[in-house]
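Undergrad: Following is a predicted model, sequence given first.
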Amino acid sequence: MKLLEGKNAIITGASRGIGKGIATVFAQHGANVAFTYNSSKEAADQLEKELEDLGVKARGYQSNAANFDEAQTLVEDVLKDFGSIDVLINNAGITKDNLLMRMSEEDFDKVIEVNLKSIYNMSKAILRPMLKQKHGSIVNMSSVVGVKGNAGQANYAASKAGMIGFSKSLALELGSRNIRTNVIAPGFIETEMTGKLDEKTVQGWRDAIPLKRGGSPEDIANACVFLASDLSSYITGQVLNVDGGMLT
Ligand code: NAP
């Protein structure tokens, strides 16, 4: 069953990893997909083709989610190209890990800008069109680290925890307009990037997870499909941990 037939979605940061997984599963569910990337043009062009081969409309846009004006322009462009936007998935994110002792001001600010200010930028840009059409689903990609904290990731944890407060506030502000805002908190998700890590270390992480495996981008994408679709039409302001039971 296709759960997103006829819906138009914007997914930020979809040139690789989890975002790419979301774009692909969304297209398989019939959604038209506008997606962004920061610098990976070749990967974005390739993904655009793969999504179109699934029979949906798809387009990649180079757009820095941390930049307010670029987010405004992006939403204008997507509206011109797609006509309307039903779903926003704020997935773009970065890490600049270090113990506080060694964390520079620049690395703190950068992570807050890309991970947290970006969801302000994108939500602000999409607000008017969603208010006008009287519906919308926004899904923000946090992390178990935002719920629980993590040594060496104070900047990242602050950005991801901030996303939760922002999303719950938006859910309260926009509920009466039929705009829902939810959060997904992924645990350890295995991507090309984690494929480069030491296998013994990674196996240790898997063993510590109740379901005894790392998650896949598809595991996160499936949760996004649910929150984007009408199956979740009475759910807003929630944080869904998709972590194999890590935080249990
Ligand atoms: P990833 O493989 O590093 O991909 C990040 C994506 O975001 C890329 O498409 C990248 O584009 C894009 N991006 C980076 N900075 C951007 C910017 N300023 N503006 C627009 N796009 C930007 O990351 P991932 O592992 O898939 O993670 C995706 C999200 O899930 C992040 O928010 C992350 O914090 C969260 N998360 C991941 C895990 C995990 O285990 N992987 C766990 C919990 C939460 P380019 O390719 O052009 O650089």
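TA: That came in fine, so what should we check first?
Undergrad: what about the lengthiest helix in the chain and the ligand, any contact?
TA: Secondary structure of the chain per DSSP state H: the longest helix is helix 154-174. No: Helix 154-174 lies out of reach of the ligand by C-beta under 6 Å from any ligand atom, never closer than 6.7 Å. Placement of C-beta: from N, CA and C, glycine included.
Undergrad: now stretch 39-56
TA: Yes: Stretch 39-56 is in contact with the ligand by C-beta under 6 Å from any ligand atom, via Ser39, Ser40.
Undergrad: what's the average pLDDT for that stretch?
TA: Averaged over stretch 39-56, pLDDT sits at 98.
Undergrad: Now that stretch: buried residues?
TA: Ser40, Ala44, Leu47, Glu48, Leu51, Leu54, Val56 (16 or more other C-beta atoms under 10 Å).
Undergrad: Show me the residues you listed that map onto helices.
TA: Checking those against DSSP H, those in helices are Ala44, Leu47, Glu48, Leu51.
Undergrad: Who does the single longest strand found in the chain pair with, and is each partner parallel or antiparallel?
TA: Using DSSP state E, we find that the single longest strand of the chain is strand 179-186. Partners of strand 179-186 in the sheet, by DSSP bridges, are strand 136-141 (parallel), strand 239-242 (parallel).
Undergrad: Now mean neighbour count too, for those, in a markdown table please.
TA: Below are the strands paired with strand 179-186 laid out as a markdown table (neighbours: other C-beta atoms under 10 Å):
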| stretch | mean neighbour count |
| --- | --- |
| strand 136-141 | 26 |
| strand 239-242 | 18 |
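Undergrad: and the ones you listed as a markdown table, adding distance to the ligand and mean pLDDT?
TA: Compiled in a markdown table, these are given as follows (distance: least, C-beta to the nearest ligand atom, whole Å; pLDDT from 0 to 100):
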| stretch | distance to the ligand | mean pLDDT |
| --- | --- | --- |
| strand 136-141 | 4 | 99 |
| strand 239-242 | 9 | 98 |
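Undergrad: Compare these and give me the one nearest Gln203.
TA: Smallest distance to Gln203 across these (C-beta to C-beta): 20.7 Å, for strand 239-242.
Undergrad: contacts for the closest one?
TA: Strand 239-242 is contacted by residues 142, 144, 147, 164, 167, 182-187, 215, 219-220, 223, 227, 247 when judged by C-beta atoms under 8 Å, 6 or more residues apart in numbering.
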